[in-house]
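Novice: Sharing a sequence plus its predicted fold:
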Amino acid sequence: MDARDQFQASLVTTSVTTEEDSELLLGSLVQFTTQDSVDEVRSISVELRAVHGQLELQNLSAVVLNSAAVTGAAALSFVSDSSLLSQALTDNVMYTPGPGFHGRDMILVQLTTYDSGDVILSQSLDVMVTATTDAVGVVAPSVLAVDEDGAVALTGTHLTLAGVPACECDVNDHNFLGTLVSLVVVSTEGTLACSDSLADAVQELSSTRLQVTGSPQAVDAVLSTLTFTPATDFNGEATVDISVTNIAADQSATTTIVIAVAAIDDPPTIAFDLCANVLATEDTATYLGGASIVDTDASSTGLYRVSLSARYGTLALNSAATPGVEFIEGNAESSSHIKVNGVLDDIRALLQNITYLSLIHI
């Protein structure tokens with residue numbers, strides 16, 4: 001009596017159903033019958049192959065994997081004793097359709113005797129994978145860093161569709177054809193900009209808000225070129241909020257990037273109240289107005305040094321403010337060269353009124 005007489009097998013069912021991107025644990029896959037007079041335990045080779053998905057054994061205790069087999073692949077090949085075969089093929093094989101796949105798949109099932117190669121079963125199991133709306137997502141770094149008054153690209157930010165990066169999706173793939181997504185990006189404490197070559201695809205672009213609608217690939221192309229520029233002299237934490245919506249499914253995903261803006265010490269600036277050129281009369285004090293010092297990084301206790309000099313005359317300052325400053329050179333009453341140290345408020349007070357006295361006729 002050959003193996004085909006001793007062991008008879010058939011699929012319990014010829015069709016199963018699952019959803020796109022969902023795992024399916026196959027229940028009782030194969031049913032066996034043997035001749036009552038046969039008590040011999042034999043080794044059975046099992047070949048399982050999925051056309052559009054992957055297969056994985058949940059429990060390996062009843063099987064011996066072939067050396068070339070990898071559990072979690074399109075094809076599985078293993079050997080099991082006939083007495084354990086039902087255990088190996090019941091609630092033990094997990095099927096996962098390929099990312100984004102929907103439609104009809106097949107799992108080819110073949111059983112042969114290990115020693116003689118006699119075919120016991122060769123059938124296919126139909127797997128109907130029903131379509132679901134592909135979930136749209138957005139991947140982005142949680143934190144990016146930039147110096148004050150600098151700019152940073154939103155590197156590492158991209159859209160996904162059904163878990164696949166949009167830039168890797170084939171625009172002709174039936175899984176993605178006709179999908180429209182809407183992207184909204186909003187920034188705080190800074191402005192947004194995208195590549196000029198993609199600006200025509202953008203429906204709205206203000207200094208702090210961008211909106212674009214299109215295919216996942218087109219929207220992702222805009223997102224990949226975005227840069228953020230902190231507001232002038234701002235340092236601290238800024239944010240970029242990103243929201244993407246699958247329009248047909250009304251399904252959205254959001255994320256926030258924190259922009260850590262590092263402080264940079266800006267040099268102070270000085271300006272006179274009057275214009276740069278003033279007409280003076282020989283031997284007559286001429287009022288030059290006041291001088292203002294601006295320092296966006298100023299502290300109340302920080303020391304500043306200010307130098308003033310007149311090439312052909314002398315300068316006089318607000319003498320009432322002299323107790324708050326230290327004169328390194330000259331004095332407040334009349335000096336050609338003045339150099340003082342002090343905190344910013346005291347120096348500002350000292351420079352409120354400046355007069356110039358010419359010593360020669362020019």
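Specialist: Sure, I can see it. Residues are numbered from 1 along each chain as shown.

Novice: if I look at residue 338, how far off is residue 77?
Specialist: Separation of residue 338 from residue 77 (C-beta to C-beta, to the nearest Å): 92 Å. (C-beta placed from N, C-alpha, C; glycine too.)

Novice: Let me know the pLDDT of the residue nearest in space to the middle of the chain.
Specialist: When C-alpha atoms, centre = their mean is applied to the chain, the residue found nearest the centroid is residue 140 (1.1 Å). pLDDT for residue 140: 90.

Novice: give me every residue that touches the residue of the chain most remote from its centre.
Specialist: Distance from the C-alpha centroid of the chain peaks at residue 283, with 69.3 Å (C-alpha atoms, centre = their mean). Residue 283 sits next to 357, 358, 359 when contact means C-beta atoms under 8 Å, 6 or more residues apart in numbering.

Novice: try 7 Å this time
Specialist: residue 358 (C-beta atoms under 7 Å, 6 or more residues apart in numbering).

Novice: Tell me if I am right that it is in a strand.
Specialist: No - with DSSP: H, G, I helix; E, B strand; the rest coil as the criterion, residue 283 is located in coil rather than a strand.

Novice: What are the phi and psi values at it?
Specialist: Phi and psi for residue 283, reported as degrees, to the nearest 10, are phi 60, psi 20.

Novice: Give me the distance between it and residue 333.
Specialist: Distance from residue 283 to residue 333, by C-beta to C-beta: 17 Å.

Novice: And the chain, what are its domain boundaries?
Specialist: Domain ranges of the chain: 3-130, 136-262, 269-358, per automatic domain parsing.

Novice: What ranges in the stretch 1-150 of the chain fall below the confidence cut-off?
Specialist: Counting by pLDDT under 70, the stretch 1-150 of the chain shows low-confidence ranges at 1-7, 34-41, 66-72, 133-134.

Novice: Report the beta-bridge partners for residue 255.
Specialist: residue 242 (DSSP bridges).

Novice: Please enumerate the helices of the stretch 51-200 of the chain.
Specialist: With DSSP state H, counting those that start in this stretch, the ranges of helices along the stretch 51-200 of the chain come out as 85-88.

Novice: And for the stretch 251-362 of the chain?
Specialist: 344-350.

Novice: Do I have it right that residue 213 meets residue 179?
Specialist: No - using C-beta atoms under 7 Å, residue 213 makes no contact with residue 179, being 11.5 Å away.

Novice: on that earlier part again, how much space separates the residue nearest to the centre of the chain from residue 268?
Specialist: In this view, residue 140 and residue 268 are 38 Å apart by C-beta to C-beta.

Novice: which residues touch residue 158?
Specialist: Here residue 158 is in contact with 139, 165, 166, 167, 220, 223, 224 (criterion: C-beta under 7 Å, 6+ apart).

Novice: Quick one, which of the residues you listed has the minimum pLDDT?
Specialist: Least confident entry in the contacts of residue 158, by pLDDT: residue 167, with 67.

Novice: element containing residue 221, please.
Specialist: For residue 221, the host element (DSSP states H and E) is helix 216-223.

Novice: in that helix, what counts as buried?
Specialist: Residues of helix 216-223 classed as buried by neighbour count (16 or more other C-beta atoms under 10 Å): 216, 217, 218, 219, 220, 221, 222, 223.

Novice: What does the pLDDT read for the residue nearest to residue 271 when sequence neighbours are not counted?
Specialist: Computed as C-beta to C-beta, 6 or more residues apart in numbering, the closest residue to residue 271 that is not its neighbour in sequence is residue 292, at 5.4 Å. On pLDDT, residue 292 comes in at 78.
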